[in-house]
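S.K.: Sharing a model that was predicted from the sequence below.
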Amino acid sequence: MKKIFLPLLALCVLSLASNAQDAEAKLKELKIELPVLGKPIANYVHVVRSGNLLFLAGKGPSNAQGIYTTGKVGKDLTIEQGQEAARLTAINQLAVLKAELGDLNKVKRIVKVLGMVNCEADFKDHPKVINGFSDLMIAVFGEKGRHARSAVGMCSLPLNMAVEIELVVEVED
Amino acid sequence: MKKIFLPLLALCVLSLASNAQDAEAKLKELKIELPVLGKPIANYVHVVRSGNLLFLAGKGPSNAQGIYTTGKVGKDLTIEQGQEAARLTAINQLAVLKAELGDLNKVKRIVKVLGMVNCEADFKDHPKVINGFSDLMIAVFGEKGRHARSAVGMCSLPLNMAVEIELVVEVED
Amino acid sequence: MKKIFLPLLALCVLSLASNAQDAEAKLKELKIELPVLGKPIANYVHVVRSGNLLFLAGKGPSNAQGIYTTGKVGKDLTIEQGQEAARLTAINQLAVLKAELGDLNKVKRIVKVLGMVNCEADFKDHPKVINGFSDLMIAVFGEKGRHARSAVGMCSLPLNMAVEIELVVEVED
């Protein structure tokens, strides 16, 4: 009996541990360096906390030099380039979370994502594009990174950026 | 005095009862059968709960066979067809709530709806279209179904679906 | 020691007082008169409260006579006219808050704003337009008015209104 019980217990602890994956360690493992957070491009703030919820402002795909990936996905950019833009946006939102919380492990759950794609009237692959954002969140946070989401098409975005993504995050007390 | 008081009391109780309308019974009365919930079309989940709030992912007008109503409302589809698509989306979101809660009567309030219509630049009747969603929510939940809402025009939506609608719902403890 | 301490204390109290700026007095100082709140233009309500959060429905730039500023910003309207439309929308949302709370000083924080601009595919100045909304919120509420925000481009809006803006507000117990 004991012979069966101990491996089962070990498996169970292992599984719990994987649920509580270390987001900071994962970031290093993925070789992702968070950018220094710039000022918002207009009269607003990056994030507001209300209770245990963080409401993050929409951000776009700016790189470490502050240069945006621009253009309409499906026309000026391929779907793969759109995905890369969404991944870059995820890194920028991780920088917001890091600046706000100090430690990414204080994230309890990525709750809700609104993924907005700059595209034309006949574009149909918004979910594929925004997966570039969602995949990274799940890679970094594990199960806590799984979120509800809408992925939709905008006729235009600020500075002609390729995507703009906002999110709601639940944090530990 | 008593003769007036008792009918008034009965009316009052009746009115309270109608506020607390049985959503499951109403669904049967409306002859609505909830579809089996499929998997999300990309890397996200149907719903995330944070405290007493459910954040539901954007869904579209897929029927029981999983086929979407597609096209631009006002061009490929009439307003009435758009409304029908919004109603179908409401049924799909009710299926999400049912799967999450087990019992639709655990819904305390439909809080906030974002109704996104796939349409062209000159379309003006987004509110009429999204009423197809709102009318059904209010039919099913009564006063608890009344929500704050935005109804807006998107240049495109995933798979060219006619509408995509997301919502925030408050649930009982 | 005392000589340094007292002015510092005064400064500190002054600073606290400025954080807790009187929103009602500020509104009078800005000579802004809130309009009488009309009925929503479709089957929804202006606002729903859940816990300490108010979710406000999307509103547009209607004036005291109920007439909307219409057209696409950057084409039919200049950026300045778009900003004025966003400011008008802020006044309408303040009217919603006033009707809901009785006293604007019950607002604890403007949390999150989604600013949607009616525009064409090549428009890039959404943040400038939505600043017309954000600037007024910060003028009225001071630090409590600073919010997270997305500003994005819609292919069309109800009645062809120039902007539609929704928001989440935290209120005192």
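M.R.: Nice, I can see it.

S.K.: Nearest to chain C: which residue in chain A?
M.R.: Closest residue of chain A to chain C, C-beta to the nearest C-beta: A:Gly58 (3.0 Å). In this view, the C-beta of every residue, glycine as well, is placed from N, C-alpha and C.

S.K.: Quick check: phi and psi at that residue.
M.R.: Per-residue torsions, A:Gly58: phi -60, psi 130 (degrees, to the nearest 10).

S.K.: What of the one 4 residues further on?
M.R.: Backbone geometry at A:Ser62, expressed as degrees, to the nearest 10, gives phi -100, psi 140.

S.K.: Isn't it up against A:Ala85?
M.R.: No. The pair A:Ser62 / A:Ala85 is not scored as a contact, 9.8 Å apart, by C-beta atoms under 8 Å.

S.K.: which residues do those two both contact?
M.R.: Common neighbours of A:Ser62 and A:Ala85 are listed as A:69, A:161 (criterion: C-beta atoms under 8 Å, 6 or more residues apart in numbering or on different chains).

S.K.: Please identify which of these two sits among more neighbours.
M.R.: Neighbours per residue, other C-beta atoms under 10 Å in any protein chain shown: of A:Ser62 and A:Ala85, the larger number sits with A:Ala85, 29 against 20.

S.K.: Just say helix, strand or coil for that one.
M.R.: The local conformation at A:Ala85, judged by DSSP: H, G, I helix; E, B strand; the rest coil, is helix.

S.K.: dump the residue contacts of it.
M.R.: A:Ala85 is in contact with A:60-61, A:69, A:73, A:77, A:129, A:132, A:161-163, counting by C-beta under 8 Å, 6+ apart.

S.K.: With A:Asn160 instead?
M.R.: A:68, A:70-71, A:118, C:122, C:124 are the contacts of A:Asn160 under C-beta under 8 Å, 6+ apart.

S.K.: Mind doing that once more with 10 Å?
M.R.: Neighbour list for A:Asn160: A:60, A:68-72, A:76, A:118, C:121-124, C:153 [criterion: C-beta atoms under 10 Å, 6 or more residues apart in numbering or on different chains].

S.K.: how much does the longest strand along chain A deviate in direction from strand B:107-118?
M.R.: Secondary structure assigned by DSSP state E gives strand A:107-118 as the longest strand of chain A. In terms of direction (axes from the mean of the first three to the mean of the last three C-alpha atoms, to 10 degrees), strand A:107-118 departs from strand B:107-118 by 20 degrees.

S.K.: can strand A:107-118 be found next to chain B?
M.R.: Yes. Counting by C-beta under 10 Å from any C-beta of the partner chain, chain B is contacted by strand A:107-118 at A:108-118.

S.K.: List the pairing partners of that strand within its sheet, with orientation.
M.R.: strand A:148-154 (parallel), strand A:163-171 (antiparallel) (DSSP bridges).

S.K.: Which helix or which strand is home to A:Gln81?
M.R.: A:Gln81 is located in helix A:79-101, with elements delineated by DSSP states H and E.

S.K.: For that helix, list every residue counted as buried.
M.R.: For helix A:79-101, a neighbour-count test (16 or more other C-beta atoms under 10 Å in any protein chain shown) marks A:79, A:81-98, A:100-101 as buried.

S.K.: how many degrees apart are it and strand A:163-171 in direction?
M.R.: Using the same axes, to 10 degrees: helix A:79-101 against strand A:163-171 is 40 degrees.

S.K.: do you know how far the residue of chain A closest to chain C is from C:Asp22?
M.R.: Applying C-beta to C-beta, to the nearest Å, the value for A:Gly58 to C:Asp22 is 31 Å.

S.K.: Around A:Glu29, count how many other residues there are.
M.R.: Other residues lying near A:Glu29 total 11 when counted by other C-beta under 10 Å.

S.K.: per-residue confidence for it?
M.R.: Listed pLDDT for A:Glu29 reads 97.

S.K.: so what's it up against?
M.R.: For A:Glu29, the contact set (C-beta under 10 Å, 6+ apart) comprises A:22, A:139-140.

S.K.: gap between it and chain B?
M.R.: Taking C-beta to the nearest C-beta, to the nearest Å as the measure, A:Glu29 falls 20 Å from chain B.

S.K.: swap in A:Leu97?
M.R.: Computed with C-beta to the nearest C-beta, the distance linking A:Leu97 and chain B is 16 Å.

S.K.: pretty sure that residue contacts A:Lys108?
M.R.: No. Counting by C-beta atoms under 10 Å, A:Leu97 stays clear of A:Lys108, with 11.6 Å between them.

S.K.: shared neighbours of those two, anything?
M.R.: With C-beta under 10 Å, 6+ apart, A:Leu97 and A:Lys108 have common neighbours A:141, A:169, A:171.

S.K.: can you tell me which of those residues lies nearest to C:Ala148?
M.R.: Comparing those against C:Ala148 with C-beta to C-beta places A:Val169 closest, at 11.2 Å.

S.K.: Mind pulling up the pLDDT for that closest one?
M.R.: We note a pLDDT of 98 for A:Val169 in this prediction.
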